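> prediction below, plus the sequence it came from.
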Amino acid sequence: MATTISSATNSERLQSYDPSTGQVIGSVPIMTAAEVDAAVARARIASQTWSTRSHAARREELTAFRKAIAAHADELAELLHRENGKPLLEAYVEVMMALGHVQHAASHAEAAMAPKKVSSGVLANFRATISYQPLGVVGVIGPWNYPLNTPMGSIAYALAAGNAVVFKPSELTPLIAVKLAEIATKTFGLPDLLQVVTGAGATGAALAKSAIDKIAFTGSAGTGKRVMITAAERLTPVLLELGGKDPMIVAEDADLDKAAEACVYGALTNAGQACVSVERVYVADAVHDKFVDKVVEAVRALKTGGDDGHLGAMTSPAQVAIVKDHLADAVAKGAKVKTGGIDAISGSYIQPTVLTEVTHSMKVMSDETFGPVIPIQRVSSLDEAIKLANDTSFGLGSTVFAGDASVARKLASRIRAGMTSVNSVMAFAGIPSLPFGGVGDSGFGRVHGDEGIREFTRVKSTAEQVFPLPMNMMSFNQPKDATKRIKGMIKTLYGEGIVAKAGDLLRKLRS
Ligand code: NAD
């Protein structure tokens, strides 16, 4: 029996369900605002010790954490499989990606946070330094689609940067987070360094309202806006990783076999419930029909459900309803179903669906579908493909397939999105040194990479006087002719003076 989300909560406990059977597989407490505040206060104390540790000491503990997660890989993958509904293979891939983030963040934090000397400009007697300091306590709110890997993209980087973390997982996938917290408590010397607070939206809102130093939110654009409004009360900075409507462009000279293979995987992995799923495909007129045939053939060979299935159960009945709505809307407006379709939906399982003859008036081409649907649109030119790809309020990932590498790179640069995979799909998500994030309704800020480490730091600027100059600009004690001297300096340094001219020349030579 499928269970609706609203019935998944009761006044004391939050129940977690196996979406493939509707069976309850566990329950967790619904934490109140007072409990969230208490967790944040404990995290604050832990952060005071953790932030003063050397990078080497933090690296050592994070390495122990990584090894402990790897040692529990079977348990974690099984929980991901049962609680989220994804096939076991995809669950193991998720565990592996999460481990990659712990390793990357631990080994790169020191270099990413290394103090930098910068030019002191006209104040040539100063040493100017930029350094990066931990924020304190970071709140992480996560989604259900990649309940381990996605939050780890913030958690690992925040910890490596010297912060404590309080993590609020999705109400649909709390058990995996509780398991992670158990591992953390046993591994870190500071048991409150990584805590999990469980509950639904109200618990997340309490975390956004609490005395944290930054909130890293991953979820839908609507909730992201609410989180930002709540965080504004304390001027808590926010990092928003939101939804997407990722386009894929296939040029006439693309390797069609590889493009079709990538399209099918990119649209259907995790049953299409990935923020960077391929959600719209634009194919050059000359190869459109051939490409559609290849995609349909590949999709028909996939298996939905079962232990060896390529696609698992949809995680929530609410998501099945959205997919049905998008399919009905598309068909009513003239889309052609090449395989799958509404009639092939059974409970929490959706047969992958390929649509053609789609237009931007259809929800399936404008709103996030977040399901196993591949809508393919024919385009008469690459300029039209770019125009359609950018016809969205989202801007997370994107994919380009073209035979000519320079054309492919140019297309990639013209797509308004945070990330693009060229002649591959979703590859940017598998490279932890590449910053991950979006533009527009897909959010702002970056996780992963050096930028993802520095997201969880505050920039400290230090100006240190190394030797005094005859004229001290930061003083009211000035010589009588100070104004005359400043006027001369303006001309010499920035106007038509000899120093300014020499500077302009140098800049010209360097460029
Ligand atoms: P959601 O917005 O419904 O919920 C996300 C989290 O926010 C949950 O933990 C939820 O309990 C919490 N929440 C709900 N109301 C809240 C409130 N008022 N204040 C604070 N927290 C609150 O999103 P979802 O359905 O869990 O996840 C799917 C969405 O996440 C999709 O749009 C997907 O594209 C997006 N996503 C984005 C990324 C990314 O990196 N950009 C990654 C994964 C998923």
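Done, it's in. Numbering: from 1, shown residues only.

> secondary structure element for Pro470?
With secondary structure defined by DSSP states H and E, Pro470 is part of neither a helix nor a strand.

> what number of residues lie near it?
By the other C-beta atoms under 10 Å criterion, the neighbourhood of Pro470 contains 6 residues. The C-beta positions use only the backbone N, C-alpha and C, and glycine is treated the same way.

> only C-alpha atoms, please: export stretch 355-370 in PDB.
Output in PDB follows, covering the C-alpha atoms of stretch 355-370 (Å, rounded to 0.1, in the frame of the first residue of the first chain):
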ATOM      1  CA  LEU A 355       8.200  12.000 -26.100                       C
ATOM      2  CA  THR A 356       8.600  13.700 -29.400                       C
ATOM      3  CA  GLU A 357       6.700  16.700 -31.000                       C
ATOM      4  CA  VAL A 358       7.100  18.600 -27.800                       C
ATOM      5  CA  THR A 359       7.000  22.400 -27.400                       C
ATOM      6  CA  HIS A 360       7.800  24.900 -24.700                       C
ATOM      7  CA  SER A 361       4.100  25.400 -24.000                       C
ATOM      8  CA  MET A 362       4.200  22.000 -22.300                       C
ATOM      9  CA  LYS A 363       5.000  21.600 -18.600                       C
ATOM     10  CA  VAL A 364       7.400  18.700 -19.500                       C
ATOM     11  CA  MET A 365       9.600  21.300 -21.200                       C
ATOM     12  CA  SER A 366       9.300  24.100 -18.700                       C
ATOM     13  CA  ASP A 367       8.800  22.700 -15.200                       C
ATOM     14  CA  GLU A 368      11.000  20.300 -13.300                       C
ATOM     15  CA  THR A 369       9.500  16.800 -14.100                       C
ATOM     16  CA  PHE A 370      11.900  14.900 -11.800                       C
END
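
> pull up the residues of the stretch 51-200 of the chain that are close to the ligand.
Proximity of the stretch 51-200 of the chain to the ligand is confined to 141-146, 150, 168, 170-171, 200 under the rule C-beta under 6 Å from any ligand atom.

> the helix with the most length in the chain - what's its average pLDDT?
Looking only at the chain and at elements set by DSSP state H, the helix with the highest residue count is helix 88-112. Across helix 88-112, the average pLDDT comes to 97.

> what do you get for stretch 303-319?
92.

> now what about that stretch, what contacts it?
Stretch 303-319 is touched from outside by 2-5, 19-20, 81, 84-88, 90, 144-145, 172-173, 268, 270-271, 273, 302, 320, 323, 347-352, 370-372, with contacts defined as C-beta atoms under 8 Å, 6 or more residues apart in numbering.

> count the neighbours of the residue nearest to Glu90 when sequence neighbours are not counted for me.
Distances taken as C-beta to C-beta, 6 or more residues apart in numbering put Asn270 closest to Glu90, at 6.1 Å, once the chain neighbours are dropped. Using other C-beta under 10 Å, Asn270 has 24 neighbouring residues.

> which residues touch Asn270?
The neighbours of Asn270, taking C-beta under 8 Å, 6+ apart as the test, are 86, 90, 145-146, 277, 312.

> just put the residues you listed in JSON lines and tack on neighbour count and secondary structure.
Conversion of the contacts of Asn270 to JSON lines gives the following (neighbours: other C-beta atoms under 10 Å; DSSP: H, G, I helix; E, B strand; the rest coil):
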{"residue": "Lys86", "neighbour count": "28", "secondary structure": "coil"}
{"residue": "Glu90", "neighbour count": "20", "secondary structure": "helix"}
{"residue": "Asn145", "neighbour count": "26", "secondary structure": "coil"}
{"residue": "Tyr146", "neighbour count": "26", "secondary structure": "coil"}
{"residue": "Ser277", "neighbour count": "30", "secondary structure": "coil"}
{"residue": "Gly312", "neighbour count": "25", "secondary structure": "coil"}
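
> start to end distance for stretch 42-57?
Stretch 42-57 stretches 21 Å from its first residue to its last (C-alpha to C-alpha, to the nearest Å).

> can you give me the buried ones in that stretch?
Residues 42-44, 46-47, 50-51, 55 are the ones in stretch 42-57 that count as buried (16 or more other C-beta atoms under 10 Å).

> same check on stretch 361-373?
Neighbour-count burial for stretch 361-373 flags 362-373 (criterion: 16+ other C-beta under 10 Å).

> narrow those residues to those in helices?
If you go by DSSP H, the buried residues of stretch 361-373 have 363-366 in helices.

> what's the burial count for the residue lying closest to Met362 once chain neighbours are set aside?
Closest residue to Met362 apart from its sequence neighbours, by C-beta to C-beta, 6+ apart: Ala330 at 4.5 Å. The number of residues packed around Ala330, counting by other C-beta under 10 Å, is 27.

> hang on, isn't Ala330 packed against Gln377?
No - with contacts counted by C-beta atoms under 8 Å, Ala330 stays clear of Gln377, the gap being 11.3 Å.

> got any residues that touch both of these two?
By C-beta under 8 Å, 6+ apart, Ala330 and Gln377 have these common neighbours: 358, 365.

> residue contacts, the residue in the stretch 1-150 of the chain positioned nearest to the ligand?
Per C-beta to the nearest ligand atom, the residue of the stretch 1-150 of the chain with the smallest distance to the ligand is Pro143, at 3.1 Å. With contacts defined as C-beta under 8 Å, 6+ apart, the neighbours of Pro143 are 150, 170, 218-220, 275.

> repeat for Val354
Val354 sits next to 292, 295-296, 299, 337-340, 374, 376 when contact means C-beta under 8 Å, 6+ apart.

> partner strands of the helix or strand where it lies, parallel or antiparallel?
Val354 is part of strand 353-356 when elements are defined by DSSP H and E. When pairs are called by DSSP bridges, strand 353-356 turns out to pair with strand 336-339 (antiparallel), strand 373-379 (parallel).

> spell out which parts of the stretch 351-500 of the chain neighbour the ligand.
368, 370, 396.

> which one among those residues gets closest to Ala262?
Ala262 lies nearest to Leu396 out of these, by C-beta to C-beta, at 16.9 Å.

> quick check: chain neighbours aside, which residue is closest to the closest one?
Leaving aside its chain neighbours, Leu396 sits nearest to Gly244 (3.1 Å; criterion: C-beta to C-beta, 6+ apart).

> surely that neighbour meets Ser442?
Yes - because the distance of 5.2 Å satisfies C-beta under 8 Å, Gly244 is recorded as touching Ser442.

> in three-state terms, how would the residue of the stretch 251-400 of the chain found nearest the ligand be classified?
Across the stretch 251-400 of the chain, the shortest distance to the ligand (C-beta to the nearest ligand atom) belongs to Cys275, at 3.2 Å. Under DSSP: H, G, I helix; E, B strand; the rest coil, the three-state class of Cys275 is coil.
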